[in-house]
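Asks: below are the sequence and a predicted model for it; my questions follow.
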Amino acid sequence: MSSKRYKQLSILFIVGICFLLVACTGGPGGGSGYTPPKDKPFRVGKEGISMRFMGDSPPATVYPEDTFNAILFLENVGAYTVGITVDPDGTKIGEEHGILSITYDSFYLLTGAPDPNKNNIQLRGKSLTEARGAGDTHEYTFYAKPLQGQREHPTTPIIFTLCYPYETTLIQDVCVDLDYYNMDQRDKVCQIKTISLDKGQGAPIAITNVEPRALIVNGISIVEFVLDIENVAGGNVISWDDVSTTEQKCNGAKPDRDDWNALTISASLMGQQLDCGNKPVRLVENKAKVRCRSSDRDPLDTTAWSRYNHEENDAGDTVDSYVLIGSAKNFISSLYVNLKYYYQSSQSKQIEILRVG
Amino acid sequence: MRKAIILLVLATFLLSSCGSFGPSGGGSEDEYTGTDGVNLRLMPGTPPSKVYFFSNPYSDEDNFFPLTVEIHNKGASVAQGGLYISGYDPGFISIEGVNVQEEDRKWWDCDLDVTWLENAAAGWFAGGSCVLFDGLVVAGGGNRKEFDWSIGADLGKIIGYATNNDYEENKLLKVLDGLDVHFVRNDGPGPNRMGIDFSGGGVTLSRFDMARTAVWYLNYMYGGMIQDGWINEAHGRQFVLWGDSNSFPGGEQDYQTFNAEIMNWPHGLEQTEQAFLFTSCYLYTTYASPQVCIDPFPESSDRKVCSPRTITYSKGQAGPVAITKIEQENTPRTIFFTIHVENKGKGRVYRMESLNKCDPLVADRVTAKDLNQVFVGYIGLAQDFLIGADAGPMSDRAHFRCQPDTRLIRLDDKGKGTIVCEYRIPYVMKSAYLSPLVVSLWYGYSDTIMKKVTIKRAN
């Protein structure tokens, strides 16, 4: 081997050893080399409970006096559990269920069960520990009646309707900046910016946009969030309240006009309740805009943002005001938004009954 | 080949010797170079990138985590300042010793007893005195055009009000030990025009004395203006760090640990990210003492010991604000020195008097008028500095006048600024001579570092 070649190989060897050493020690400054696994977000998606027919059931065509099955697979692909809810100690604190109902034309079809509707649909949703929600199959047997009348090949639909309570939960880190005019030249940890959310929150109603704002109301700085809400799954929204049951909302007297396309909202900023208005949010053409803001009239509020000041002026009159005290004005906080509603979706199939002979 | 090398070496020597003979005025770098001031560094793992919240903590240490910062004065000036932490949600995280709800401290309320006199020629005249508290008196008088006032202060009493931290207080007193300075503020015509002068015994032209005179001034000014001095110790930690010197080679460093506690966990939250912004706000000085040539007849061809020329600095003077160039234009009676300065550091320059607003938890906004202003604390030829009463740059015996007369240098968007100072040659001179020109710049400086921490619920 020539000396020049020998030199090149030596240099390569030394560089290779150096790379290996760096890799083993984790690079300059050392380090344990431990990297915790990244959490996979589970509050994504634009559906709640999905419905689909299994395989070719029900079949697209049947003959009179045929018996056939319709197998429906329900899967909770969202991030909310419809079922028994427990607190961190495991104590049951509530129970919810959905209702699955079937609509068909009894002129053409019959079912095996006297009441095919199911009032006990409970399915776990996705969570930190469960990447996939629970699913269940529901099987129904139908009988195609002998054909009557002149129609050669009538078609008749079978419609499955699922109505269930659901929640959309958004937990989002947001920037709070009480420098209303953005005049302060000190370094900031974040800038207020509108947050676009296009992946949904694992629910049929999604918050698509969060716009943080700083306002001055009654002389004090407050924060406000403008939320864009959208029905993204194509179904119907029915309002929720803590008085009515699922049967009343889904099955009972037809939901009131005011119940349609309405939902309940609550929001908080790092545990401090925000005011989103007392009335349900109404969707118009499947969309709505809501404002949630921190309180501006709470004299007991001693948070870092404002303090109620009670003092006398020179004339001896009492002056009440809110004073922005020396405090944190720019920081990252966590916004929590919760939407509650009933959701109604349906799945249907047209069955063609072929005349024999 | 050998001949070519010899020729090349000879050519190099010849080129380097071009120019006039004899020593020229300055041009060499100071022994202290660099553009660092007080550097901040987070110690590895403090804080960790991810911490966990336990709703049922197993020990007292659960839900606590440390944030440790190294502060290192790498420049040559003594630094007095505060280290603050902000950027986290105060409703979620609590930092030991940091009270975000601490009300801003008030400027002293002072009833100025003003005596109004009629003066047909000057318009009006007003004068009076104000005793702010035991140890500090403000007195002054003037008319519509000019207003002179002075502050007399007892340093020991002011320091006693200024700090709550005994260790840092003792360090501060140690820094200022031996100084005996009297400050005078001279208001010029027009709005917001003020000059600061000082005189007194115990002050020399050394780098160290110039720096501690600045520290003296800042504390005495704030001690008289804001309760408890300019660093609010409910918001941050005071530090006093010696610069690079024989006693502290490389500069003094210190470590500050903030203990953070996750106070509560909001319902529904799985994890969140919190940002921690560390801000240092400190007084600093930049010192240069180049040799300049005082030549009343620069155009003459007489044999001289020196000739005036531009002095350039490329490596700084061991401070974040650097003097980059000193130009001089000589006349038989006066010499105009144009001093170019630049913010070479990565942080922000604060006007000294606005340093208290650097605190991120102070409600007051920091605007353009608080930033990018450097004060020429001292400028003069060494020979003119007199130790004793009535010394100082603006006294009658001083021969320097600067424009603006407030001696404030405003830096532009690129961090650059200039000031022109005129030196009146005190004697009728026929020949040139060398003299050290002492320039001391005083300014506030701020730097930040940030770390984001993911906080996750563990159970």
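Replies: Alright, I've got the coordinates. If you're wondering where the values come from, they're calculated on a predicted model, not measured in any experiment.

Asks: show the residue spans covered by the strands in the stretch 201-350 of chain B.
Replies: Secondary structure of the stretch 201-350 of chain B (DSSP state E, counting those that start in this stretch): strands at B:236-241, B:253-262, B:271-288, B:291-294, B:311-312, B:321-330, B:334-343, B:348-350.

Asks: and B:Lys50, which of those strands is closest to it?
Replies: Across the strands of the stretch 201-350 of chain B, B:Lys50 has its closest neighbour in strand B:271-288 (8.7 Å, C-beta to C-beta). Just so you know, the C-beta spots here come from the backbone N, C-alpha and C atoms, and that holds for glycine as well.

Asks: what's near enough to touch B:Trp230?
Replies: B:Trp230 sits next to B:162, B:218-219, B:222, B:355-356 when contact means C-beta atoms under 8 Å, 6 or more residues apart in numbering or on different chains.

Asks: nearest to chain A, out of the strands of the stretch 201-350 of chain B?
Replies: Set against chain A and scored by C-beta to the nearest C-beta, the strands of the stretch 201-350 of chain B come closest in strand B:271-288, at 4.0 Å.

Asks: and that closest one, what's buried?
Replies: Residues B:271-272, B:274-288 are the ones in strand B:271-288 that count as buried (16 or more other C-beta atoms under 10 Å in any protein chain shown).

Asks: quick check: angle from it to strand B:253-262?
Replies: Strand B:271-288 runs at 160 degrees relative to strand B:253-262, counting by axes from the mean of the first three to the mean of the last three C-alpha atoms, to 10 degrees.

Asks: name every strand pairing with strand B:271-288 and say which way it goes.
Replies: strand B:79-86 (antiparallel), strand B:433-457 (antiparallel) (DSSP bridges).

Asks: low pLDDT regions in the stretch 151-300 of chain B?
Replies: Within the stretch 151-300 of chain B, the ranges that satisfy pLDDT under 70 run B:151-170, B:178-203, B:221, B:223-229.

Asks: and which of the contacts of B:Trp230 is nearest to chain A?
Replies: Using C-beta to the nearest C-beta, the contacts of B:Trp230 come closest to chain A at B:Asn356, 10.7 Å.

Asks: quick check: that closest one is in a helix.
Replies: Yes - under DSSP: H, G, I helix; E, B strand; the rest coil, B:Asn356 sits within a helix.

Asks: just confirm it contacts B:Val362, I think it does.
Replies: Yes - B:Asn356 lies in contact with B:Val362 (C-beta atoms under 8 Å); the separation is 6.8 Å.

Asks: more neighbours: which of those two?
Replies: When B:Asn356 and B:Val362 are compared for neighbours, B:Asn356 comes out ahead with 24 against 19, by other C-beta atoms under 10 Å in any protein chain shown.

Asks: how about A:Gly234, what does it touch?
Replies: A:Gly234 touches A:Ser345, counting by C-beta under 8 Å, 6+ apart.

Asks: looking at it now. What's its pLDDT?
Replies: Per-residue pLDDT puts A:Gly234 at 94.

Asks: what helix or strand is it located in?
Replies: Following DSSP states H and E, one finds A:Gly234 outside all helices and strands.

Asks: now the phi/psi pair for it, please.
Replies: phi 80, psi 0 (degrees, to the nearest 10).

Asks: could you check the distance from it over to A:Lys349?
Replies: Distance, A:Gly234 to A:Lys349, using C-beta to C-beta, to the nearest Å: 17 Å.

Asks: repeat for B:Asn356
Replies: In terms of C-beta to C-beta, B:Asn356 sits 75 Å off from A:Lys349.

Asks: now A:Thr85
Replies: Distance, A:Thr85 to A:Lys349, by C-beta to C-beta: 34 Å.

Asks: what about the two, which has more around it?
Replies: A:Lys349 (16 against 12).

Asks: that older thread, buried deepest among the strands paired with strand B:271-288, which one?
Replies: strand B:79-86 (a mean of 26; mean count of other C-beta atoms under 10 Å in any protein chain shown).

Asks: in the next helix or strand after that one, what counts as buried?
Replies: Reading on from strand B:79-86 to the C-terminus, the next helix or strand found by DSSP H and E is strand B:93-95. For strand B:93-95, burial by neighbour count (16+ other C-beta under 10 Å) applies to B:93-95.

Asks: kindly report the same for stretch A:105-124.
Replies: A:108-109, A:111, A:116, A:118, A:121-124.

Asks: distance between the ends of it?
Replies: Stretch A:105-124 stretches 33 Å from its first residue to its last (C-alpha to C-alpha, to the nearest Å).

Asks: could you do stretch A:51-68 as well?
Replies: Span of stretch A:51-68 from end to end, C-alpha to C-alpha: 19 Å.

Asks: which outside residues touch that stretch?
Replies: With C-beta under 8 Å, 6+ apart as the test, stretch A:51-68 has contacts from A:69-74, A:137, A:141-147, A:158, A:160, A:162, A:345-347, A:349-356.

Asks: centre of the chain to it, how far?
Replies: Stretch A:51-68 has its C-alpha centroid displaced from the chain centroid by 33 Å (C-alpha atoms, centre = their mean, to the nearest Å).

Asks: ok so, going back, who touches both of B:Asn356 and B:Val362?
Replies: B:Asn232.

Asks: ok so, going back, going by distance to B:Thr454, which of the buried residues of strand B:93-95 wins?
Replies: Among these, and counting by C-beta to C-beta, the member closest to B:Thr454 is B:Ile93, at 12.9 Å.

Asks: isn't that closest one right next to B:Glu261, touching?
Replies: Yes - under the criterion of C-beta under 8 Å, B:Ile93 makes contact with B:Glu261 at 7.0 Å.

Asks: can you redo the strands paired with strand B:271-288 as a markdown table with distance to A:Glu152 and mean pLDDT?
Replies: Output for the strands paired with strand B:271-288, formatted as a markdown table (distance: least, C-beta to C-beta, whole Å; pLDDT from 0 to 100):
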| stretch | distance to A:Glu152 | mean pLDDT |
| --- | --- | --- |
| strand B:79-86 | 79 | 93 |
| strand B:433-457 | 64 | 93 |
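
Asks: which among those is found nearest to A:Asp187?
Replies: strand B:433-457 (4.5 Å).

Asks: okay, angle between that closest one and strand B:321-330 too, please.
Replies: Going by the same axes, to 10 degrees, strand B:433-457 is angled at 160 degrees with respect to strand B:321-330.

Asks: show me what stretch A:125-141 is in contact with.
Replies: Contacts for stretch A:125-141 (C-beta under 8 Å, 6+ apart): A:39-40, A:42-43, A:45, A:54, A:67-82, A:100, A:102, A:111-113, A:116, A:118, A:121, A:123-124, A:202, B:270.

Asks: can you rerun that using 7 Å?
Replies: The contact list for stretch A:125-141 (C-beta atoms under 7 Å, 6 or more residues apart in numbering or on different chains) reads A:40, A:42, A:54, A:67, A:69-81, A:100, A:102, A:111-112, A:116, A:118, A:123-124, A:202, B:270.

Asks: buried ones in it?
Replies: Here stretch A:125-141 shows A:125-127, A:133-134, A:138, A:140 as buried, counting by 16+ other C-beta under 10 Å.

Asks: span of it from start to end?
Replies: 28 Å.

Asks: average model confidence for that stretch?
Replies: On average, stretch A:125-141 scores 90.

Asks: what's the spacing between that stretch and its chain's center?
Replies: 16 Å.

Asks: so the closest residue to A:Leu227 other than its chain neighbours: helix, strand or coil?
Replies: Of all residues not flanking A:Leu227 in the chain, A:Val290 sits nearest, at 4.8 Å (C-beta to C-beta, 6 or more residues apart in numbering or on different chains). Classification of A:Val290 by three-state DSSP places it in strand.

Asks: OK, contacts around A:Val290?
Replies: A:227, A:229, A:265, A:276, A:281.

Asks: nearest to B:Arg351, of these?
Replies: A:Leu227 (42.2 Å).
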